[in-house]
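Trainee: Below: sequence and its predicted model.
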Amino acid sequence: MRKLFPVILCLIVLPAVALATEDCAECRLGIFDGPDITNSNNYGSIDPFVAKDLYVGIQLPPGETGVTGIEFSITGLIPATDHIQLLSTEGIAPGLLPVGSAPAPADTSAASVGTGGMNAGWGTCVSGGSQMLLHLQVLALQPVVNHVFRIMRKFPTSNPVNFPNDAVFTRCDAPNYTTVKIKKLGCYTANWDGTSQTCPLLSTAVVDKTWSAVKTLYSN
C-alpha cells in the first residue's frame, strides 16, 4: 500500500498546498470507442438497454512519458436527464485506485457548486506515453441521437488555487508528482445523425498523423 501514498497525496490530500503545476498545450484527454489508442474513433453507436464499452485515453506529446493519476469528469451520464447510466469503471493498467465517480454534475458552469467527477490514481507509473487508461461501461435507458459525452474538470477540483477549471494528470516524476493541466479535452458522440457538429468526429489514427492540423478543434 505504501506505493499508493504519493498518488493519493498529490490528487486528494493536498488541495490547499501550492504543489508544482504546469500547463500542457498538446496533452489531450478523450473518450474513444475502442481499446487501441492508435486506431479508435471518438464516435460510435449505442443501443437501449445494451451495455456499451467506452474508453478514456490520454494523448501525450513527446517528452511526456506516462501518468500516475488523472482528475476529470464526464458530462452526459446523468440517468434522469441524459438517459445514460454509468455501470462500471475499470483501470486498463493494473493497480487503479478510484476516488469518486466519472459523471459530472448537471451544472458544469464556472460558478457550479455541484459535485461530480473522479480521481483515478495508480500505485506505480503508467508508462508508455499515449494510451487508454480507463474502461467504462454505460447503459442507455432509451434511444438517443447525437448524444455527446464530454471530458471536463472535476467538480470541485482538488486544488481550486492551482487548477480551478482544468482536468489534470500527474507525471511520473517522483517525488514531485507534478500536476499538469490538460488543455485539450475530448468528447464522444453516440448515434451521430450525420449532420450535427457538436463534437468534432475524429479517429485517433488521423489525429496522431495530422496533430497540428486539428489543434484548434480541441483548444480552450
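Mentor: Structure received. As the structure is a computational prediction, the values presented were derived from the model and not from experiment.
Trainee: which stretches of the chain have low pLDDT?
Mentor: Within the chain, the ranges that satisfy pLDDT under 70 run 1-19, 203-220.
Trainee: Sketch out the strands for it, chain order is fine.
Mentor: 21-32, 43-44, 52-59, 66-75, 84-91, 96-101, 117-127, 131-140, 147-152, 168-170, 179-185, 187-190 (DSSP state E).
Trainee: Name the residues of stretch 29-46 that are buried.
Mentor: The neighbour-count check on stretch 29-46 (16 or more other Cβ atoms under 10 Å) flags Leu29, Gly30, Ile31, Phe32, Asp33, Ile37, Ser40, Asn41, Asn42, Tyr43, Gly44, Ile46 as buried. Placement of C-beta: from N, CA and C, glycine included.
Trainee: so which of the strands of the chain is the most packed in?
Mentor: strand 168-170 (a mean of 27; mean count of other Cβ atoms under 10 Å).
Trainee: How far off centre is it?
Mentor: Centroid separation between strand 168-170 and its chain, computed with Cα atoms, centre = their mean, to the nearest Å, is 10 Å.
Trainee: name the helices or strands packed onto it?
Mentor: strand 21-32, strand 66-75, strand 179-185 (3 or more Cβ pairs under 8 Å, 6 or more residues apart in numbering; DSSP states H and E).
Trainee: related to what we said a few turns ago, identify, from the buried residues of stretch 29-46, the entry nearest to Ser112.
Mentor: Closest approach between these and Ser112, by Cβ to Cβ: Leu29, at 19.3 Å.
Trainee: I'd guessed that closest one sits against Leu185; true?
Mentor: Yes. Between Leu29 and Leu185 a contact is recorded at 5.9 Å, counting by Cβ atoms under 8 Å.
Trainee: on that earlier part again, present the buried residues of stretch 29-46 as TSV; the columns should include distance to Ile70.
Mentor: Shown next, in TSV, are the buried residues of stretch 29-46 (distance: Cβ to Cβ, whole Å):
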residue	distance to Ile70
Leu29	7
Gly30	12
Ile31	13
Phe32	15
Asp33	19
Ile37	14
Ser40	18
Asn41	21
Asn42	17
Tyr43	22
Gly44	22
Ile46	24
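Trainee: can you count the residues close to Arg51?
Mentor: In this structure residue 51 is Ala, not Arg. The burial count assigned to Ala51 is 12, neighbours taken as other Cβ atoms under 10 Å.
Trainee: quick one, what contacts it?
Mentor: For Ala51, the contact set (Cβ atoms under 8 Å, 6 or more residues apart in numbering) comprises Leu87, Gln137, Val138, Leu139.
Trainee: I figured the third one was touching Lys52, is that so?
Mentor: Going back to what we said before, that points to Val138. Yes. With contact defined as Cβ under 8 Å, Val138 counts as touching Lys52 (5.1 Å).
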